[in-house]
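In: Return a 3D structure for these sequence lines:
(2 chains)
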Amino acid sequence: MSADNQVSLSRAEAMALLGQMILIRRFEEKCAELYSAQKIRGFLHLYIGEEANAVGVMRALSPDDAVVATYREHGHALARGLPPGEVMAEMYGKAGGSSRGRGGSMHIFDKKHRFYGGNAIVGGGLPLAVGLALADKMQKLNRVTCCFFGEGAAAEGEFHESMNLAALWQLPVLFVCENNGYAMGTGLSRSESETSILQHAKSYRITGQDVDGMDVVAVRAAALSAVGAIRNGEGPRFLENKTYRFRPHSMFDPDLYRQKREIALWKTRGPVLQFSKWAIETQLLSQSDIDGLEEEAARTIDEAVRYAEESPWEPEEDLERDVYTPRKVEETAR
Amino acid sequence: MTARTITYRDAVHEALREALRGDERVFLMGEDVGYYGGAYACSKGLIQEFGEERIRDAPLSESGFVGAGIGAALGGMRPIVEIMTVNFSLLALDQIVNNAATLRHMSGGQLSVPLVIRMATGAGRQLAAQHSHSLECWFAHVPGIKVVAPATIEDARGMLRTALADPDPVIIFEHATLYNEQGELPETDDYAMDIESARISRSGGDITLITYGGSLQKTMAAAEGLAKDGIDCEVIDLRSLRPIDDATIMASLAKTHRAVIVDEGWRSVGLAAEISARISEQAFFDLDGPVARVCSVEVPIPYPRHLETAATPQPDKIAAAAREVLRR
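Out: Below is the predicted model:
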């Protein structure tokens, strides 16, 4: 962890960072368990190993900023402050879920938290983020739209179109590339002629930096600086966070394309492990603080599971609800 | 009420201008909508009046700027996105189908996408197979969006306003051969036209000709020709392709008992097939003969005039189909 980043970190902030990372880690472990128990179905993409990215970046955002995420977005949703029970109920497909159970694991939405999904088309969220930022700029609202995506998105046309639009129109977007090295099972060097995603962004004249995505303090510092510049009217910013997922791409993935020793090596740099060790060494936190955070996370997750279990199923009669805005709402809106 | 004669293009232009004047949240975005004035000149002069922010020239990145329109709609704006032609919209299908159409339902009703997309469609200008197709049915297939096809000056002027007031995404298809057409526009304070119902364009008792968009005038011409031989056609302009106004169609069939559907889209798996299926489901016992279809021939639309004409519905083919159904 770099010395520069440690200076401004208060105990309360350290507790918040570690508390959220632990919550996400334990939440995801519980999801894997519930998937085996067939409580959660469909695709399930776990964020384990990448927690520092969502947690560090989200600390730089304020409640009226917007967030656009990917299909691996449970961590982003929790770090953004969505109620864990609603996130869990969404995975169950229950009516009490963030999206009334309509979306599942890949489509968590929460308008109150300006959390715009949950997009399962790689690269599909980038133009949306550009548009949200365009709306803010046109309405002269000093807000930031933060867009998360993986390095796999850089091969999509929508990535390049979005970089161009954001830079051309100097829009207040923070692009956060979570580069975990693999687009599903295809390594970056096997899918990109230019393996620095930051380099792509720079070619559109977007300022950015490489970030150690396993170090929550570094991510937080980079995000604070980028968001500061965006709020200052300096246009879009780009972070390429080098990170790693400890679990396979999804629960269906037999993980045949990675070496066990590679995974083991990255685990030694795990964000929870690394930050906990550093916080204790520097006496910012104690072991009993960390134990307390673990207990709190366990309680929160128990409550979330209870909420999801107790939440009703949406009645079949409501299947066609919300395809279009109901006429009554429409008339009121006018 | 007085009326004035204007072109379809000017009707679209007026509608755009009125929308931009009436609501600060409205802006127009697309390729060459600004200094060029729009590929079909619908936005000529608007950039001078409203500026570059609100008449926003976009780079050639259909997916990017359609997606940006969706995002801007989520963010409180009322974007009008112009796609130069329907064939280019295929580059934006991801955003239209995976985002605009799904976001409301997939978010459990939390989000609305009050976005209007306008695009030119159809053949008739010798622009060959990458600028001439009628792919309205691709979009009309998708729940979550509304699809309209203004075929008249009045609808070109009035549907945009209603589409902009709609909280859900609306796609407006403007047939490329219509822009130069002239017609009467009644002078009124309220130009708004509904975007859900079909219209009886010509009342008649012998047979119902059902069509929309660029085929309306051809169908009307066929009906006039048949009238000379004593065949009295009712012509329905669908106007809205999603939702489809079944009630107007079925009420007409209860009267005429015979139908021909005229659709510039290809015959297979298209809008005409859909209408025909609905008639079978809802008006089977009203029918006195099989439902006929006049559609485009199943080829990519060719460049030479005679082949382009041969590939698409024309008044003589429509009239022949009606005679065959009537056995007259």
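In: Do you have the strands of the chain handy? List them.
Out: Picking chain A for this. For chain A, applying DSSP state E gives strands covering A:66-68, A:109-110, A:115-116, A:145-150, A:173-179, A:182-183, A:186-187, A:207-212, A:237-242.
In: think we crossed wires, I meant chain B
Out: Under DSSP E, chain B gives strands at B:3-7, B:26-30, B:55-57, B:78-83, B:116-121, B:146-148, B:170-175, B:182-186, B:199-202, B:207-211, B:233-237, B:240-242, B:259-266, B:292-296.
In: which one of these is the most hemmed in?
Out: strand B:207-211 (a mean of 30; mean count of other C-beta atoms under 10 Å in any protein chain shown). From N, CA and C alone the C-beta is placed, and that goes for glycine too.
In: Specify the angle between that strand and strand B:259-266 in degrees.
Out: Between strand B:207-211 and strand B:259-266, the angle comes out at 20 degrees (axes from the mean of the first three to the mean of the last three C-alpha atoms, to 10 degrees).
In: Without its sequence neighbours, what residue ends up closest to residue B:39?
Out: residue B:84 (4.6 Å; C-beta to C-beta, 6 or more residues apart in numbering or on different chains).
In: residues touching the one you found, list them.
Out: B:30, B:31, B:32, B:39, B:119, B:120 (C-beta atoms under 8 Å, 6 or more residues apart in numbering or on different chains).
In: Out of the helices and strands in chain A, which is least certain?
Out: helix A:3-6 (a mean of 50; mean pLDDT, DSSP states H and E).
In: how near is the nearest residue to residue B:310 once chain neighbours are set aside to chain A?
Out: Spatial nearest neighbour of residue B:310, excluding adjacent residues (C-beta to C-beta, 6+ apart): residue B:297 at 7.0 Å. Relative to chain A, residue B:297 is positioned 33 Å away (C-beta to the nearest C-beta, to the nearest Å).
In: now residue B:52
Out: If you go by C-beta to the nearest C-beta, the gap between residue B:52 and chain A works out to 10 Å.
In: which ones are touching that residue?
Out: Contacts of residue B:52 (C-beta under 8 Å, 6+ apart): residue B:34.
In: pLDDT value on it, please?
Out: The model reports residue B:52 with a pLDDT of 98.
In: ok, now how distant is it from residue B:117?
Out: Distance, residue B:52 to residue B:117, by C-beta to C-beta, to the nearest Å: 21 Å.
In: before we move on, what about residue A:167?
Out: Distance from residue A:167 to residue B:117, by C-beta to C-beta: 24 Å.
In: Okay, helices next: where are they in the stretch 151-300 of chain B?
Out: Taking DSSP state H, counting those that start in this stretch, the helices of the stretch 151-300 of chain B run over residues B:153-165, B:216-228, B:246-256, B:271-283.
In: JSON lines for those, including distance to residue B:96, mean neighbour count and mean pLDDT?
Out: Conversion of the helices of the stretch 151-300 of chain B to JSON lines gives the following (distance: least, C-beta to C-beta, whole Å; neighbours: other C-beta atoms under 10 Å in any protein chain shown; pLDDT from 0 to 100):
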{"stretch": "helix B:153-165", "distance to residue B:96": "15", "mean neighbour count": "24", "mean pLDDT": "97"}
{"stretch": "helix B:216-228", "distance to residue B:96": "25", "mean neighbour count": "20", "mean pLDDT": "98"}
{"stretch": "helix B:246-256", "distance to residue B:96": "25", "mean neighbour count": "18", "mean pLDDT": "98"}
{"stretch": "helix B:271-283", "distance to residue B:96": "17", "mean neighbour count": "18", "mean pLDDT": "98"}
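In: who wins for proximity to chain A among those?
Out: Of all the helices of the stretch 151-300 of chain B, helix B:153-165 sits nearest to chain A, with 5.6 Å by C-beta to the nearest C-beta.
In: follow-up on the earlier one: check contacts around the residue nearest to residue B:310.
Out: B:266, B:310, B:311, B:312.
In: Now it, what are its backbone angles?
Out: phi -70, psi 150 (degrees, to the nearest 10).
In: and stretch B:52-63, C-alpha only, in CSV?
Out: In CSV, the C-alpha atoms belonging to stretch B:52-63 read as follows (Å, rounded to 0.1, in the frame of the first residue of the first chain):
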residue,chain,number,x,y,z
GLU,B,52,-25.4,23.1,-30.9
GLU,B,53,-26.4,21.7,-27.5
ARG,B,54,-30.0,21.0,-28.5
ILE,B,55,-29.4,20.2,-32.1
ARG,B,56,-26.7,17.8,-31.5
ASP,B,57,-24.7,16.4,-34.4
ALA,B,58,-23.6,13.0,-33.5
PRO,B,59,-20.6,11.0,-34.9
LEU,B,60,-21.4,7.9,-36.9
SER,B,61,-22.0,5.7,-34.0
GLU,B,62,-25.6,4.6,-33.9
SER,B,63,-25.3,2.3,-30.9
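In: Can you get me a residue count around the residue lying closest to residue A:84 once chain neighbours are set aside?
Out: Computed as C-beta to C-beta, 6+ apart, the closest residue to residue A:84 that is not its neighbour in sequence is residue A:304, at 4.0 Å. If you count neighbours by other C-beta atoms under 10 Å in any protein chain shown, residue A:304 ends up with 22.
In: my read: residue A:304 touches residue A:90, true?
Out: No: using C-beta atoms under 8 Å, residue A:304 is not in contact with residue A:90; the gap is 10.6 Å.
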